[in-house]
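Asker: build me a model:
(4 chains)
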There are 2 protein chains.
Amino acid sequence: MRPIIIGFGLLILCLLVLFKIAEVNFMQGNIRLEIVVAVAAIIFFFVGLYFNQRNNQKQETIPPVSNHSTDIPDQEQIKKLGLTAREHEVLVKMAAGCSNQEIAAQLFLSESTIKTHVSNILFKLDVKRRTQAIQAARQLKIVL
Amino acid sequence: MRPIIIGFGLLILCLLVLFKIAEVNFMQGNIRLEIVVAVAAIIFFFVGLYFNQRNNQKQETIPPVSNHSTDIPDQEQIKKLGLTAREHEVLVKMAAGCSNQEIAAQLFLSESTIKTHVSNILFKLDVKRRTQAIQAARQLKIVL
DNA sequence: AGTGTTTTCATCCTTTAGTATGAATACTTT
DNA sequence: AAAGTATTCATACTAAAGGATGAAAACACT
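Answerer: As a prediction, this is how the structure comes out:
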């Protein structure tokens, strides 16, 4: 994270310096308005390119590949997260693509109960949606 | 094709007009150099974003043949299912746990469009929910 | 018996997902 | 240039998911 901040800092600094140079030269009548604007346009065109590229690359890093060496057993991760037995059970069925209603039917519980469990699961996994929970659980090896 | 040309023509025209207005006002001392440069920077930042987006979309449809023997790719499965390039793109983000809104933002599309794509994906994968789609896609090696 | 956790369920409410339909534009292929 | 496919977007609707809160019952442990 730090390199990014430093990089951006340097970039902004360079841009400010460039702008100042341009300003001074412009005031002295050395260069014309068109040139200044054109340079700014070109620079920020590429900044736009870079930003978009970054954005696209980020999404590809979201699902990181699992490593076999640090294969942490389920139970440890589950304990770390504080997941109860029932919650784990629900989580597995969630990952299998079941709806709350289906999970309730399979476990002979009410949908309300499942919703409560799901809410707790989301909280403990620190995610917002069940699809993210599935992702997280897969990365943590607590579901297949 | 014509609308694109017309669109670009209009865009360039607008930019020229804007620039001329800025130039005149600038010479009269109504606005400052910073403002002109800033506006140009912002505009071309987004132009850069747009260009890169365009570019990426084209590139993904061009190189379909690159199978790493065992791993990820699965062009065949995608073809079998009749998934389009865009649908596959959406499917990947779905599997990453993104909401429709997030996918829309990342691809610079409206949520309506994403919903349409998701619906088509669900139909083509013969499932009812996005969580099932993720499961199915994983089994078919369409996503990691 | 008392304490703390787990499991269960409910209700009200808001947000997100998903369906159906129609339509305009863009891209590809012939 | 025409035709088929793909992409985009909108609106209106229904279904599912999720948040917040409260609460009863079961269970383990001391």
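
Asker: quick check: which element contains A:Val143?
Answerer: Taking DSSP states H and E as the definition, one finds A:Val143 inside no helix or strand.

Asker: and for it, the neighbour number?
Answerer: By other Cβ atoms under 10 Å in any protein chain shown, the residues close to A:Val143 number 18. In short, each C-beta sits where N, CA and C put it, glycine included.

Asker: same deal with A:Met27?
Answerer: As a burial measure, A:Met27 scores 10 neighbours (other Cβ under 10 Å).

Asker: and what of A:Lys115?
Answerer: Neighbours around A:Lys115, by other Cβ under 10 Å: 14.

Asker: and if you look at A:Arg138?
Answerer: The tally of other residues near A:Arg138 (other Cβ under 10 Å) stands at 18.

Asker: out of everything not next to it in sequence, what's closest to it?
Answerer: With sequence-adjacent residues excluded and distances taken as Cβ to Cβ, 6 or more residues apart in numbering or on different chains, A:Arg138 is closest to A:Ala95, at 7.0 Å.

Asker: let me see the ranges of the helices in chain A.
Answerer: For chain A, helices defined by DSSP state H occupy the ranges A:2-27, A:33-61, A:74-81, A:85-95, A:100-107, A:111-125, A:130-139.

Asker: what's the most buried one of these?
Answerer: helix A:130-139 (a mean of 21; mean count of other Cβ atoms under 10 Å in any protein chain shown).

Asker: just checking, A:Leu125 touches A:Gln135?
Answerer: No - if you go by Cβ atoms under 8 Å, A:Leu125 and A:Gln135 don't touch, sitting 9.4 Å apart.

Asker: and the helices of chain A as CSV, adding mean pLDDT and distance to B:Leu13?
Answerer: Shown next, in CSV, are those (pLDDT from 0 to 100; distance: least, Cβ to Cβ, whole Å):
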stretch, mean pLDDT, distance to B:Leu13
helix A:2-27, 66, 26
helix A:33-61, 65, 16
helix A:74-81, 76, 58
helix A:85-95, 92, 54
helix A:100-107, 92, 55
helix A:111-125, 94, 51
helix A:130-139, 93, 45
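
Asker: what's the closest of the ones you listed to B:Lys20?
Answerer: Closest to B:Lys20 of the helices of chain A is helix A:33-61 (Cβ to Cβ; 10.8 Å).

Asker: right, so of the helices of chain A, which gets closest to B:Glu34?
Answerer: Nearest to B:Glu34, of the helices of chain A and by Cβ to Cβ, is helix A:2-27 at 7.9 Å.

Asker: can you redo the helices of chain A as a markdown table with distance to B:Asn25?
Answerer: Putting these into a markdown table (distance: least, Cβ to Cβ, whole Å) gives the following:
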| stretch | distance to B:Asn25 |
| --- | --- |
| helix A:2-27 | 16 |
| helix A:33-61 | 11 |
| helix A:74-81 | 60 |
| helix A:85-95 | 60 |
| helix A:100-107 | 60 |
| helix A:111-125 | 54 |
| helix A:130-139 | 50 |
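
Asker: out of these, which is closest to B:Val17?
Answerer: Closest to B:Val17 of the helices of chain A, according to Cβ to Cβ: helix A:33-61, at 13.9 Å.

Asker: so which residues on chain A come close to DNA strand C?
Answerer: Residues of chain A lying near DNA strand C by Cβ under 7 Å from any atom of the strand: A:82, A:84-87, A:107, A:109-113, A:115-117, A:129.

Asker: which of these lies closest to DNA strand D?
Answerer: Nearest to DNA strand D, judged by Cβ to the nearest atom of the strand, of those is A:Arg129 at 4.1 Å.
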